[in-house]
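Enquirer: Curious how this folds, go ahead:
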Amino acid sequence: MTDSSSGPAPHDAAERRTIETRLRKIPNVGPRIAADLVKLGILRLEDAAGRDPDELYATLCAADGVRHDPCVRDVFAAVVAHANGEPARPWWAFTAARKARDAATQAPIRSRTKPRDA
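Expert: So this is what the prediction gives:
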């Protein structure tokens, strides 16, 4: 799956390896994330600028048909921030903000108490 705004998808395995090697030079990007970025149509750091990490994560989960570890979203946040010109930070620097946001958007869990025996 590619995003039309980020350029053409790689045509062959050699080109894909070249692109993934280039992506792995981005802080926090290893082989698996590089492959995921290519799947999302991000072929250069610049392609991540202005993107929404939550959308990238949701698109990847939908494309793969699984819910990936939420830390993948944090890696996407680190890549996008770096692409937007921010200094490189480790992916886990984005975890607390994600967890806080997720907690704030989830419905509160009501506790259910057992009725007392009479």
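Enquirer: ok, residues contacting stretch 81-89?
Expert: Residues from elsewhere that reach stretch 81-89, judged by CB atoms under 8 Å, 6 or more residues apart in numbering: I26, P27, N28, L45, E46, D47, A48, A49, G50, R51, A78, F94. Quick note: C-beta positions are derived from backbone N, CA and C, even for glycine.
Enquirer: change it to 6 Å
Expert: The contact list for stretch 81-89, computed with CB atoms under 6 Å, 6 or more residues apart in numbering, reads P27, L45, A48, A49, A78.
Enquirer: worst-scoring helix or strand of the protein, pLDDT-wise?
Expert: Scoring the helices and strands of the chain by mean pLDDT, DSSP states H and E places helix 95-105 at the bottom, with a mean of 92.
Enquirer: Helices along the protein, start to end?
Expert: Assigned helices in the chain, in chain order: 13-23, 31-39, 53-64, 71-83, 95-105 (criterion: DSSP state H).
Enquirer: tell me the most buried of those helices?
Expert: Across the helices of the chain, averaging neighbours per residue (mean count of other CB atoms under 10 Å) puts helix 71-83 on top, at a mean of 22.
Enquirer: With just CA atoms, put the least confident helix or strand of the chain into CSV.
Expert: Output of helix 95-105 as CSV, limited to C-alpha atoms (Å, rounded to 0.1, in the frame of the first residue of the first chain):
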residue,chain,number,x,y,z
THR,A,95,5.3,6.7,24.7
ALA,A,96,4.0,8.7,27.8
ALA,A,97,2.1,11.2,25.6
ARG,A,98,0.5,8.4,23.6
LYS,A,99,-0.5,6.5,26.8
ALA,A,100,-1.9,9.7,28.4
ARG,A,101,-3.9,10.5,25.2
ASP,A,102,-5.2,7.0,24.9
ALA,A,103,-6.3,6.9,28.6
ALA,A,104,-8.0,10.3,28.2
THR,A,105,-10.0,9.1,25.2
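Enquirer: Now do that helix against helix 53-64, angle only.
Expert: Angle of helix 95-105 versus helix 53-64, following axes from the mean of the first three to the mean of the last three CA atoms, to 10 degrees, is 80 degrees.
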